[in-house]
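> model the following, please.
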Amino acid sequence: MNKKKIAVIVGSLRKESFHRKIANYIATIAPENLELEFVEVGGLPLFNEDLDGKNAPESWVNFRNKIKEMNGVILVSPEYNRSMPATIKNALDVGSRPYGSNVWDGMAGAVISGSLSGIGGFGANHHIRQSAVFLNIFMMQQPEAYIPTIQNIFDNAGNVKSEETKAVFQKFINAFEKWVEKVSR
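Here you go, the predicted structure:
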């Protein structure tokens with residue numbers, strides 16, 4: 001079996017992040033042929049073209065090299081002010097430069113968004129998709145993953161409470177496995 005390497009990028013930096021908990025749960029239920037690896041983005045300096053090229057920050061170089069190794073990416077994102085957090089936008093920008101060296105090109109992708117409200121991070125989800133499509137990340141269309149009232153899906157130990165929610169996550173990662181096999185580089 002040829003394992004597919006999947007980057008997991010979590011847009012929330014909060015220590016007790018609900019999105020990190022979702023990503024951790026997804027990692028435990030992922031099919032065997034997906035090798036999920038968390039790629040941290042909180043320490044990436046904000047993209048500034050003046051810093052790029054031969055003098056690019058080491059963290060950018062390391063991030064780009066790590067993403068080049070991947071067959072796919074799962075972006076797990078909160079919604080901030082009806083859009084994606086700066087951490088994810090910055091990661092997309094850093095990976096897309098310098099011009100002509102887009103590390104995202106041809107990669108399979110998916111997004112899970114969530115919010116405290118009932119709309120499940122709809123704005124963030126679609127803003128991520130918009131940027132990802134431009135970067136030639138082949139984004140999985142179905143099933144979409146909008147997680148409403150995210151604060152209510154975990155028990156005090158951080159476990160997913162509802163069997164229905166577990167089934168949603170299982171359906172998502174199973175579909176992503178098929179998507180990666182179909183479109184990944």
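
> quickly find the element holding Ile128.
helix 122-134 (DSSP states H and E).

> which is the next helix or strand following that helix?
strand 138-139.

> so where's the protein shaky on pLDDT?
Where the chain drops to pLDDT under 70, the residues are 1.

> now do the longest helix belonging to it: which elements does it pack against?
Counting residues, the longest helix in the chain under DSSP state H turns out to be helix 163-183. Where contact means 3 or more Cβ pairs under 8 Å, 6 or more residues apart in numbering; DSSP states H and E, helix 163-183 is packed against strand 4-10, helix 18-29, strand 34-38, strand 72-78, strand 108-114, strand 145-147. From N, CA and C alone the C-beta is placed, and that goes for glycine too.

> in the longest one, what counts as buried?
Neighbour counts using 16 or more other Cβ atoms under 10 Å place 18-27 of helix 18-29 among the buried residues.

> residue with max distance from the center of this structure?
When distances are taken from the C-alpha mean of the chain, Lys54 lies farthest, 27.7 Å away, according to Cα atoms, centre = their mean.

> could you check how far that one is from Pro98?
Distance, Lys54 to Pro98, by Cβ to Cβ, to the nearest Å: 10 Å.

> now Trp60
Taking Cβ to Cβ, one finds Trp60 at 10 Å from Pro98.

> nearest to Pro143, of the buried residues of helix 18-29?
Ile26 (13.1 Å; Cβ to Cβ).

> show me the contacts for that closest one.
8, 36, 74, 76, 112, 169, 172-173 (Cβ atoms under 8 Å, 6 or more residues apart in numbering).
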